[in-house]
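In: coordinates for the following, if possible.
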Amino acid sequence: MEWETVIGLEIHCQLATRSKIFSGASTTYGAPPNTQACAVDLGLPGVLPVLNREAVTMAIKFGLAVDADIAERSVFARKNYFYPDLPKGYQISQYELPVVGRGHIDIEVDGTLKTIGITRAHLEEDAGKSAHEGFADRTGIDLNRAGTPLLEIVSEPDMRSAAEAVAYMKKIHSLVTYLGISDGNMQEGSFRCDANVSLRPRGEETFGTRTELKNINSFRFVEQAINHEVERQMDILEDGGSIIQETRLFDPDRNETRSMRTKEEANDYRYFPDPDLLPVVVDRELLVALQSKLPELPDQKRQRFMDDYGLSRYDSGVLTAQRALADYFENCVQSADGEAKLCANWIMGELSAALNRDDRDISNSPVTADMLGQMIKRITDNTISGKIAKQVFEGMWNGEGNADRIISDRGLKQMSDSGELEKLVDKVISDNPQQVEQYRNSPEDKQKKLIGFFVGQLMKATAGKANPQQVNELLREALK
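Out: Numbers count the residues shown, from 1 in each chain. Next up, the predicted model:
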């Protein structure tokens, strides 16, 4: 039987407020355990939550960016369940009346555009964190995260492959970082997702029983977890079994999912409006003000890169996926006097390779946008060749200074003196009579390949410092 995969994602995005959603406690990452949990976060008797206005503003910005319905009136509810890291015994969330309603975004996979529906995006507080390392026979509880503001973004079940799910997750990640409402740091838990996965016979409209893959914090793990779960469900169904609705955890070390608990339904949580919080009312003036202040978003920037810089759709997509990378590119182009294509090639080539190799982010690259742009200027003014530029880039990456200093210190300036190059051309020709005869007796189309031998000999003799274009012209003239 041919199966169709159905995927929906619930993305938990930590909002970039300085304080928590219902208290004044700090949200700074990395503090010692339980030093950033105040009486409100701990749910001590007599305390009352006070809503953080900035968290609401950030949620609305997201809603506007995905063309969603913004609720004029939204309500916070109590989601009741017991867990050691949930001190109140309930989580303050939104249920029937979320602040952000239906919206959509477009993704692109293998050149095909697809619209993914967004069901809702609601505000809620995060729980604490259980710690197991360093505890022999018990579990530690760190409540620093308790009360941290989250925006839970729930998609429609519109994705049909792990690749589409990754593309959607990356698009949401790009969007929230462009908006400045989240740092998107997956290692610190600022951006993570639950994936709902089910299978159905191709052509069927009824959804199969879904499983939820919990708390996945990398794009690579999302793809691996979904692909594994699809295989697991397919094996069960083709053996005549049935899928149990449950929550599963993904183990990246073993590349497998394992059961965590049977999946709860909404009524298991006994949602009811939180009596300590008033409904949130959003007026038209606030929406207009926030709409006017939205930054240039990824799709808009991608189109502008194509229009203003003449880049391909693919190159523009890569360069605008991260706001920091897009800013780096534009600063580089400015320093390189408008050489957009060369800047794009170097950023997506040498720079990206070096960042990946050293596990660095563009924000802490040793080679700044200005340094790379200045180096590219030395290529375009023929001070160095593209090949020599790779040595210059390596030097900049290793902290040897800017391009001009490295070119000077290493003696890398390109040879462009015609008289000196002509002498070297004459020597290469006299040293290789057999190849010269072969070249002169070959048709023109074959000569284009054979001249590479002479170019290589001359570049070897000059340690790669000769101007390649000039060398080609001199050799063709001398070999006539």
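In: shaky segments in the stretch 251-400 of the chain?
Out: 263-266 (pLDDT under 70).
In: repeat that with 90
Out: The stretch 251-400 of the chain contains residues with pLDDT under 90 at 251-269, 381-388.
In: right, and the helix or strand after the longest strand seen in the chain?
Out: The residue-count maximum for a strand in the chain (DSSP state E) belongs to strand 112-125. With elements assigned by DSSP states H and E, the helix or strand that comes after strand 112-125 is strand 129-131.
In: list the buried residues for the following helix or strand past that following strand?
Out: Under the assignment DSSP H and E, the closest C-terminal helix or strand after strand 129-131 is strand 140-142. Using 16 or more other Cβ atoms under 10 Å as the test for burial, strand 140-142 gives 141-142. The C-beta positions use only the backbone N, C-alpha and C, and glycine is treated the same way.
In: how far does strand 140-142 sit from the chain's center?
Out: The chain centre lies 30 Å from the centre of strand 140-142; the measure is Cα atoms, centre = their mean, to the nearest Å.
In: quick check: angle from the helix or strand just after that strand to strand 112-125?
Out: Following strand 140-142 in sequence order, the next helix or strand is strand 149-155 (DSSP H and E). Orientation check (axes from the mean of the first three to the mean of the last three Cα atoms, to 10 degrees): strand 149-155 against strand 112-125 gives 140 degrees.
In: what packs against strand 149-155?
Out: Packing partners of strand 149-155 (3 or more Cβ pairs under 8 Å, 6 or more residues apart in numbering; DSSP states H and E): strand 3-14, helix 53-65, strand 112-125, helix 162-179.
In: tabulate those (JSON lines), appending mean neighbour count and distance to G30.
Out: Converted to JSON lines, the helices and strands packed on strand 149-155 look like this (neighbours: other Cβ atoms under 10 Å; distance: least, Cβ to Cβ, whole Å):
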{"stretch": "strand 3-14", "mean neighbour count": "21", "distance to G30": "14"}
{"stretch": "helix 53-65", "mean neighbour count": "21", "distance to G30": "21"}
{"stretch": "strand 112-125", "mean neighbour count": "19", "distance to G30": "20"}
{"stretch": "helix 162-179", "mean neighbour count": "22", "distance to G30": "20"}
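In: tabulate those in JSON lines, adding columns for mean pLDDT and distance to P98.
Out: What follows is the helices and strands packed on strand 149-155, written out as JSON lines (pLDDT from 0 to 100; distance: least, Cβ to Cβ, whole Å):
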{"stretch": "strand 3-14", "mean pLDDT": "97", "distance to P98": "13"}
{"stretch": "helix 53-65", "mean pLDDT": "98", "distance to P98": "9"}
{"stretch": "strand 112-125", "mean pLDDT": "97", "distance to P98": "4"}
{"stretch": "helix 162-179", "mean pLDDT": "97", "distance to P98": "16"}
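In: tabulate those (CSV), appending distance to V367.
Out: Compiled in CSV, the helices and strands packed on strand 149-155 are given as follows (distance: least, Cβ to Cβ, whole Å):
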stretch, distance to V367
strand 3-14, 30
helix 53-65, 32
strand 112-125, 34
helix 162-179, 22
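In: where does the residue nearest to R248 when sequence neighbours are not counted land in three-state SS?
Out: Once flanking residues are discounted, R248 sits nearest to T257: 4.3 Å by Cβ to Cβ, 6 or more residues apart in numbering. Recorded secondary structure, T257: strand (DSSP: H, G, I helix; E, B strand; the rest coil).
In: contacts only, for T257.
Out: Contacts for T257 (Cβ atoms under 8 Å, 6 or more residues apart in numbering) come out as 211, 213, 225, 228-229, 232, 248-251.
In: I'd like to know how many residues surround M348.
Out: 16 (other Cβ atoms under 10 Å).
In: so it sits against S316, correct?
Out: No - using Cβ atoms under 8 Å, M348 is not in contact with S316, being 11.0 Å away.
In: surely R145 meets D126?
Out: Yes - under the criterion of Cβ under 8 Å, R145 makes contact with D126 at 4.9 Å.
In: roughly how far does the closest residue to P98 other than its chain neighbours sit from R284?
Out: Distance criterion Cβ to Cβ, 6+ apart; nearest residue to P98, sequence neighbours excluded, is H122 at 3.6 Å. Distance from H122 to R284, counting by Cβ to Cβ, to the nearest Å: 21 Å.
In: now do Q36
Out: Distance from Q36 to R284, by Cβ to Cβ: 36 Å.
In: ok, those two, which is more surrounded?
Out: Taking other Cβ under 10 Å, Q36 and R284 do not tie; Q36 has more neighbours (24 against 9).
In: now that one. Nearest residue, chain neighbours left out?
Out: N144 (4.5 Å).
In: tell me the pLDDT of that neighbour.
Out: pLDDT, N144: 95.
In: can you pull the contacts of it?
Out: So N144 contacts 31, 33-37, 128-129 (Cβ under 8 Å, 6+ apart).
In: what does N345 give?
Out: By Cβ under 8 Å, 6+ apart, N345 lies in contact with nothing.
In: which helix or which strand is home to it?
Out: Residue-wise, N345 maps onto helix 340-346 under DSSP H and E.
In: now do the buried residues in that helix.
Out: So for helix 340-346, counting by 16+ other Cβ under 10 Å, buried means 340, 342-344, 346.
In: out of those, which comes closest to Q14?
Out: For the buried residues of helix 340-346, the minimum distance to Q14 (Cβ to Cβ) is 31.9 Å, reached by A344.
In: wait, the closest one touches L311, no?
Out: Yes - A344 lies in contact with L311 (Cβ under 8 Å); the separation is 5.8 Å.
In: show me the residue at the heart of this structure, geometrically.
Out: K170 (5.2 Å; Cα atoms, centre = their mean).
In: residues touching it, list them.
Out: Contacts of K170 by Cβ under 8 Å, 6+ apart are 219, 321.
In: can you pull the contacts of Q187?
Out: Counting by Cβ under 8 Å, 6+ apart, Q187 has contacts N217.
In: skipping its backbone neighbours, what lies nearest G30 in space?
Out: E188 (8.0 Å).
In: and that neighbour, which of the three is it?
Out: On the basis of three-state DSSP, E188 is classed as coil.
In: so what's it scoring on pLDDT?
Out: 92.
In: where are the low-confidence patches of the stretch 101-250 of the chain?
Out: 111, 130-139, 187, 215.
In: mind doing that once more with 70?
Out: Using pLDDT under 70, nothing in the stretch 101-250 of the chain is flagged.
In: surely G189 is in contact with G30?
Out: No - under the criterion of Cβ under 8 Å, G189 is not in contact with G30, lying 11.4 Å apart.
In: quick one, which of these two is more surrounded?
Out: G189 (16 against 7).
In: gap between that one and E477?
Out: 65 Å.
In: likewise S335?
Out: 36 Å.
In: give me the more crowded residue out of these two.
Out: S335 (20 against 10).
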